[in-house]
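> What would the 3D arrangement of this be:
(2 chains)
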Number of protein chains: 2
Amino acid sequence: MQKGAILVLSGPSGAGKSTIINAASDEIGEYYFSISTTTRKPRVGEEHGVDYFFVSKENFEEDIKAGNFLEYAQVHGNYYGTSLKPVREALEEGKLVIFDIDVQGHRLVRAKMNDITTSAFITPPTLEALETRLRARCTDDESVIVKRIENAKSEIRAVGEYDFTIINDTVELAAKQFVIVAKAARLKQSAEDEEKFITQWIGK
Amino acid sequence: MQKGAILVLSGPSGAGKSTIINAASDEIGEYYFSISTTTRKPRVGEEHGVDYFFVSKENFEEDIKAGNFLEYAQVHGNYYGTSLKPVREALEEGKLVIFDIDVQGHRLVRAKMNDITTSAFITPPTLEALETRLRARCTDDESVIVKRIENAKSEIRAVGEYDFTIINDTVELAAKQFVIVAKAARLKQSAEDEEKFITQWIGK
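Residues are numbered from 1 along each chain as shown, chains lettered A, B, ... in the order given. Below you'll find the model as predicted:
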């Protein structure tokens, strides 16, 4: 009866989300990692269809008007969003759809698909740990790091809106918790399926 | 930071709840199975402190007035309830507290301790399967079986209020799902702990 389910992950850039997903991927079964669509220009090394779907502003705005986004937002003049189509297809195939989106995106997914959504906020244990990680990556210059830390401070206040909090102290433990969360997400039934089950059960 | 958590199980008598818990018990870690308090007389073979805490009607009503119950109800003239004290103690010790209570009891636990509560509705795959199981147990006479089936039909409508539905088709699969649910329940953080974490994180 189960078709597919959604797992939303949020948390500061530098929380270690991809590392945790990779460490857990053997144990969580088949999943579709949702790729965002954006109007910002690709950075060196970024690929269309892998890192993002890169589209023009005109295309993005047409898709907004056509209701083709599950969620979207404008950040520093660029659009970022999640197209509904690949998500619907993956759900139809019974897959677990994993989103890496921000607090605002989580709210929009909840508003649209609450009954099949599970969510986890992934965070480093402390602000200091986040700073250390961001500097160790050497991918951002100082002004970007400062901005990411300010963002993190504001996003962490939304922890209570999430089903689970995963504190990434060690990757091993965080990955173990992530496996539990992903398996629990798969058990979630849609309201529609529950209705069908009740009707069948009482039925005839 | 996690102290303890609550897992509420509901579902018709004959759904196989105890069988599933027993089959899963090696994998779910230490837990406290909440024992209900009742004013009904013990049946043959039932023990005080094992099956129920058996108390007088006067004692039960005093405890109601003293606010000592997490939830309680009157069924066919007898009181049934969950005392707060052993639950609080088990939570303080960081244990997972498992309740086997009905739909109404679930609502009361949610109302009081929603932030640390996870719930699962356990049900046989069909009404026919439930009937077969109830008759195979040979513990109830026909009028009780009829009453249990009527109860089941009414309780199953509340499936949507639960975090998870476990359909007990085979004990093996149901126990596997139960392990996931129990582990997920343990990951739940209290609102208070989340507040503390946020304050520490943004802190100083």
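
> Secondary structure class of the closest residue to chain B within chain A, three-state.
Closest approach between chain A and chain B, counting by C-beta to the nearest C-beta: A:Ala184, at 3.8 Å. Every C-beta, even on glycine, is put in place using the N, C-alpha and C of the backbone. Using DSSP: H, G, I helix; E, B strand; the rest coil, the structure places A:Ala184 in helix.

> how close does the residue lying closest to it once chain neighbours are set aside get to B:Asn68?
Distances taken as C-beta to C-beta, 6 or more residues apart in numbering or on different chains put B:Ala184 closest to A:Ala184, at 3.8 Å, once the chain neighbours are dropped. Distance, B:Ala184 to B:Asn68, using C-beta to C-beta, to the nearest Å: 30 Å.

> thought the residue of chain A closest to chain B was touching B:Val181?
Yes: with contact defined as C-beta atoms under 8 Å, A:Ala184 and B:Val181 form a contacting pair (6.8 Å).

> shared neighbours, those two?
B:Phe164 (C-beta atoms under 8 Å, 6 or more residues apart in numbering or on different chains).

> OK, contacts around A:Ile21?
Contacts of A:Ile21 by C-beta under 8 Å, 6+ apart are A:9, A:33, A:98, A:178.

> mind checking pLDDT for it?
The predicted local distance difference test score for A:Ile21 is 94.

> what helix or strand is it on?
Using DSSP states H and E, A:Ile21 falls within helix A:17-24.

> Please apply the same query to A:Val50.
Going by DSSP H and E, A:Val50 is not part of any helix or strand.

> pLDDT below threshold where in chain A?
A:1-2, A:204 (pLDDT under 70).

> and A:Ala185, what does it touch?
Counting by C-beta under 8 Å, 6+ apart, A:Ala185 has contacts A:5-7, A:96, A:118.

> Most neighbours out of the residues you listed, which is it?
A:Leu7 (28 neighbours; other C-beta atoms under 10 Å in any protein chain shown).

> secondary structure element for that one?
With DSSP H and E as criterion, A:Leu7 is part of strand A:5-10.

> what do you get for A:Val44?
Residue-wise, A:Val44 maps onto no helix or strand under DSSP H and E.

> now A:Leu173
Applying DSSP H and E, one finds A:Leu173 within helix A:171-187.

> what's the first-to-last distance across stretch A:61-75?
14 Å (C-alpha to C-alpha, to the nearest Å).

> Which residues does it contact?
So stretch A:61-75 is contacted by A:37, A:55, A:60, A:79-85, A:87, A:101-102, A:104-105, A:108-109, A:112-113 (C-beta under 8 Å, 6+ apart).

> Restrict those to those that also contact chain B, please.
By C-beta under 8 Å from any C-beta of the partner chain, no member of the contacts of stretch A:61-75 lies near chain B.

> Write out the residues of chain A neighbouring chain B.
Counting by C-beta under 8 Å from any C-beta, the residues of chain A near chain B are A:123, A:126-127, A:153, A:156-157, A:159-160, A:163-165, A:167, A:177, A:180-181, A:183-184, A:187-189, A:191, A:194-195, A:197-198, A:200-203.

> still on that earlier bit, show me which positions of the helix holding A:Ile21 end up buried.
For helix A:17-24, a neighbour-count test (16 or more other C-beta atoms under 10 Å in any protein chain shown) marks A:17, A:20-21, A:23-24 as buried.

> now stretch A:183-199
So, applying 16+ other C-beta under 10 Å, buried residues of stretch A:183-199: A:183-190, A:193-194, A:197-198.

> How far off centre is it?
How far stretch A:183-199 lies from its chain's middle: 21 Å, per C-alpha atoms, centre = their mean, to the nearest Å.

> quick one on the thing from earlier: greatest separation within the contacts of A:Ala185: which pair is it?
By the measure C-beta to C-beta, A:Leu96 and A:Thr118 form the most distant pair in the contacts of A:Ala185, at 9.3 Å.
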